[in-house]
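**Q** Please work out how this folds:
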Amino acid sequence: MNGRTFGELLASEHKDHFYMMHLSYGSDKTQRKRLWKYAIANNTIGLDWHTIKRKWEAPLSKEELENTSQFWIRQFKRFCEEMHVGDYVVILNGTYSVLGIAKITEPNYEYDSNISSYNEANPARFFDHFRDKIEWVKQFLWDGCVLSEQLTFDGTLDRVTPRTHSHRWRILTMIDP
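**A** Numbers count the residues shown, from 1 in each chain. A predicted model of the protein is given here:
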């Protein structure tokens with residue numbers, strides 16, 4: 001980021017939002033380090049959920065609607081429909097550290113059931129919905145960039161603006177590479 005804070009980078013590009021995303025893998029927190037290595041090596045970020053086993057397209061089937069919470073529907077809409085080229089995504093490890101900052105460089109996301117986290121036969125598995133056309137603007141080591149304050153965030157993916165999430169905006173835009 002050339003010596004600028006993340007906030008200065010956003011301001012220079014006239015950005016009024018960014019996304020924050022947990023690096024999570026269900027309740028199995030032991031997989032996070034492996035996922036981070038995969039994300040860095042493959043320039044990718046991803047999302048999956050056991051009831052969405054196809055490329056995300058609206059409308060969902062009756063069965064998918066019955067078995068997918070509104071929370072996960074919102075997560076997929078953000079990831080597959082709302083994120084655009086030029087958007088930034090801050091990758092978090094829990095609520096206390098940042099692992100990296102990615103910039104979306106292509107408009108589309110991909111779906112591949114072969115790399116799904118639910119595909120136990122593939123040891124290199126990741127998330128089955130992914131964006132592999134990203135640029136890592138900043139990567140931190142596994143321990144991450146420890147934040148000055150703890151974030152309150154129990155979701156997977158959220159859109160952050162100074163108006164809707166001022167606490168998150170203030171903390172994350174102060175990241176100094």
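**Q** Compute the distance from the centre of the longest helix along the chain to the centre of its chain.
**A** Using DSSP state H, we find that the single longest helix of the chain is helix 32-42. Helix 32-42 sits 12 Å away from the centroid of its parent chain (Cα atoms, centre = their mean, to the nearest Å).
**Q** can I get the CA coordinates of it in PDB?
**A** The C-alpha trace of helix 32-42 is given here as PDB (Å, rounded to 0.1, in the frame of the first residue of the first chain):
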ATOM      1  CA  ARG A  32      -7.700 -21.800   9.300                       C
ATOM      2  CA  LYS A  33      -3.900 -21.800   8.800                       C
ATOM      3  CA  ARG A  34      -4.200 -24.200   5.900                       C
ATOM      4  CA  LEU A  35      -7.000 -22.100   4.300                       C
ATOM      5  CA  TRP A  36      -4.900 -19.000   4.600                       C
ATOM      6  CA  LYS A  37      -1.900 -20.700   2.900                       C
ATOM      7  CA  TYR A  38      -4.300 -21.800   0.100                       C
ATOM      8  CA  ALA A  39      -5.800 -18.300  -0.300                       C
ATOM      9  CA  ILE A  40      -2.400 -16.700  -0.600                       C
ATOM     10  CA  ALA A  41      -0.900 -19.400  -3.000                       C
ATOM     11  CA  ASN A  42      -4.000 -19.300  -5.300                       C
END
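**Q** for that helix, packing partners?
**A** Applying 3 or more Cβ pairs under 8 Å, 6 or more residues apart in numbering; DSSP states H and E, we find helix 32-42 packed against strand 88-93, strand 97-104. All C-beta spots, glycine's among them, are computed from the backbone N, C-alpha and C.
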